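Chemist: Here is a sequence together with a model predicted from it:
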Amino acid sequence: MESDGNKVVKEIIFGPGEKKYRFCKHMAKQLLPGLSEELMKKGKHFILIRNPLEILPSFDKVVTPSFRELGLVEMVSIYSQLCEIGKPPAIIDAADLQADPEGTLRGLCEDLGIPFQTSMLKWEAGPKPFDGVWAPWWYDNVHKSTCFTRPRKYPLPLPSSLYEVLEQSLPLYNMLRRRVKWRSSLPHPSLPVPANDKLLSWVGGEIVPRESAKVSVFDSVVQGGDAVWEGLRVYSGRIFKFEEHLDRLFDSAKALAFSNVPTREEVKEAVFKTLICNAMFDNAHIRLTLTRGKKVTSGMSPAFNLYGCTLIVLAEWKPPVYDNTRGITLVTATTRRNSPNNLDSKIHHNNLLNNILAKIEGNNANADDAIMLDKDGYVSETNATNIFLVKRGHVVTPHADYCLPGVTRATVMDLVVKEQLDLQERRISLSEFHTADEVWTTGTMGELSPVCPLIDLKQCWYKLVKFLREMSLILMFISTVSYCHLVYLMCVCSCSFNLCHFPIFDAFLT
């Protein structure tokens, strides 16, 4: 048998032959140094991968496996080489092949440009003349089979001696696994903003790609929703009311007795680094989360949290969630807002089931959001925003005993007082909203949103809501915290509410 790798490539793999298609199997770990580049440049390639958790116990029955023995390093190297020369290979996973042989092979044939044949799904039992010298050690089960079999229901136990090999191998397997084409009969879900497919997020002290942005199953946010959060918006290189949001984040963490909390400057740096890495300078939303951190064992007690807090910065390209030129619709949820007797609404925590149940009611009614009442039947807020009404020149909003006193809400209230309008913060019945002249909601995600059909958009949108939106934009630029050395000169013309800014210098935008 020919043992010169380059001769095999030239004379056997790409040599003369009678058949139209020639299939060659290569073991990645046996990739020879100095092998002719012809192998990569010619033909069509695909890579078959298998979860190391499935490989290792099976491998261990024949020989003790090592990280290098699995060949994942070489497999990733082959994948990278093929991508560099513009020939990214198809990747299939053995688990997919077992679960759906026909669907997986049809997809593979389509990628390779060859016709699918049902004969690919079955074969005769017994050895094959092309098995090779390793068949007696590895092909015993294959020789007994006549078709693809379903994967075993339960995996084999993993010997503790192989735990470290599994830890080393999984990242490379997962990297390749993420590049397997979608084989499900269901359509691949599309992102609201396609650019968010390649995000970088801050998780636990490092910036990682979207698919690697994960927390431990031992983290308190997984164990019990034990975390606090803030929603931030970025406008023209500035974060709206950043200091106020940080105040609330740290107040909430203190109220929940978090320990080993990162400093204010550390949180700011994490936010700035995330935005800069994503080149996000405008029209972005940040979900800033601080968990109590990872536990040494599962359980409710914070005494198990010995690693310190976990900081998560999720920045996305995200326009306002509502169409504020059209207005939003609201329904009244049967789910009541949490009482301060049970949980203080001033704590901006991640346990949002109360709000989610109300949102489900809104979704079922095809409404944008749902109004939530307090235990006595008075309006508190919506499932995601604060709410205001105008009646005969009076601006009214529910008191914050049952709702979160939002940062945008506070901004609007300050503007109302500054403009010498009458502001009332009190209990409000549902009927008052139905008979109001104007209604709108406030929140970082949706900004200021007029509500319809409670109000006539043509009547209100060009009155108080429009005025407050324009005034809040001016205030936003005056009072926000800039990041990544973006410096602007502001020129505010109060009579027309227009904002002009002049970029001086910024390395990130050039």
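Modeler: Looks like it came in fine. Note that the coordinates shown come from a computational prediction; the quantities given were computed from them, not determined experimentally.
Chemist: Verify the contact between Ala370 and Ile356 for me.
Modeler: No - assessed by C-beta atoms under 8 Å, Ala370 is found out of contact with Ile356, at 10.5 Å. (Each C-beta comes from the backbone N, C-alpha and C, glycine too.)
Chemist: So between those two, which is more surrounded?
Modeler: It is Ala370, of Ala370 and Ile356, that has more neighbours when counted by other C-beta atoms under 10 Å, with 24 against 12.
Chemist: pLDDT score for the spatially closest residue to Arg50 that is not a sequence neighbour?
Modeler: Leaving aside its chain neighbours, Arg50 sits nearest to Ala94 (4.1 Å; criterion: C-beta to C-beta, 6 or more residues apart in numbering). Per-residue confidence at Ala94 stands at 93 (pLDDT).
Chemist: What of Asn141?
Modeler: Looking at Asn141, its pLDDT reads 84.
Chemist: For Thr332, the count of nearby residues, please.
Modeler: Thr332 - counted by other C-beta under 10 Å - has 19 other residues nearby.
Chemist: follow-up on the earlier one: okay, and the common contacts of Ala370 and Ile356?
Modeler: Asn383 (C-beta atoms under 8 Å, 6 or more residues apart in numbering).
Chemist: Could you list the low-pLDDT ranges of the stretch 1-150 of the chain?
Modeler: Flagging of the stretch 1-150 of the chain using pLDDT under 70 yields the residue ranges 1-2.
Chemist: sorry, back to before: show me the residues around the residue nearest to Arg50 that make contact.
Modeler: Leu48, Ile49, Arg50, Asn51, Glu54.
Chemist: just how off-centre is the helix or strand harbouring Arg287 within its chain?
Modeler: According to DSSP states H and E, Arg287 maps onto strand 284-291. A distance of 11 Å separates the C-alpha centroid of strand 284-291 from that of its chain, computed with C-alpha atoms, centre = their mean, to the nearest Å.
Chemist: List the strands paired with that strand, with their directions.
Modeler: Using DSSP bridges, the strands paired with strand 284-291 in its sheet are strand 227-235 (antiparallel), strand 310-317 (antiparallel).
Chemist: And the pLDDT for the residue nearest the centre of the chain?
Modeler: Taking C-alpha atoms, centre = their mean as the criterion, Arg210 is the residue nearest the geometric centre of the chain, at 6.0 Å. Here the pLDDT value assigned to Arg210 is 95.
Chemist: wouldn't it be in contact with Lys198 here?
Modeler: Yes - counting by C-beta under 8 Å, Arg210 does reach Lys198; the two are 6.8 Å apart.
Chemist: so Leu82, which of the three states?
Modeler: Taken by DSSP: H, G, I helix; E, B strand; the rest coil, the conformation at Leu82 corresponds to helix.
Chemist: If you drop the residues flanking it in sequence, what lies closest to it?
Modeler: Spatial nearest neighbour of Leu82, chain neighbours left out: Pro89 (5.0 Å); criterion: C-beta to C-beta, 6+ apart.
Chemist: Would you mind measuring from that neighbour to Leu32?
Modeler: Note on Pro89: its distance to Leu32, by C-beta to C-beta, to the nearest Å, is 19 Å.
Chemist: what do you get for Met175?
Modeler: 24 Å.
Chemist: which of these two has more neighbours?
Modeler: Under the neighbour definition other C-beta under 10 Å, Met175 and Leu32 were set side by side, and Met175 has more, 17 against 12.
Chemist: Could you report the pLDDT at that one?
Modeler: The predicted local confidence for Met175 comes out at a pLDDT of 94.
Chemist: how far away is the residue nearest to it when sequence neighbours are not counted from Asn342?
Modeler: If you skip the residues right next to it in sequence, Met175 has Val76 as its closest partner in space, 6.6 Å away by C-beta to C-beta, 6+ apart. Relative to Asn342, Val76 is positioned 51 Å away (C-beta to C-beta).
Chemist: The two: which is more packed in?
Modeler: For Val76 versus Asn342, the count of surrounding residues by other C-beta under 10 Å is larger for Val76: 17 against 9.
Chemist: Provide the contact partners of the helix or strand hosting the more buried one at residue level.
Modeler: Applying DSSP H and E as the criterion places Val76 in helix 72-84. When contacts are defined by C-beta under 8 Å, 6+ apart, helix 72-84 is touched by residues 28-29, 31, 40, 45, 47, 49, 52, 67, 88-89, 91, 169, 172-173, 175-176, 179.
Chemist: Are any of the residues you listed buried, and if so which?
Modeler: Neighbour-count burial (16 or more other C-beta atoms under 10 Å) applied to the contacts of helix 72-84 gives 28, 31, 40, 45, 47, 49, 52, 67, 89, 91, 169, 172-173, 175-176.
Chemist: nearest to Phe388, of those residues?
Modeler: Distance to Phe388, by C-beta to C-beta, is smallest for Met175 among those, at 49.1 Å.
Chemist: Give me the phi and psi angles of the closest one.
Modeler: Main-chain torsions, Met175, degrees, to the nearest 10: phi -60, psi -40.
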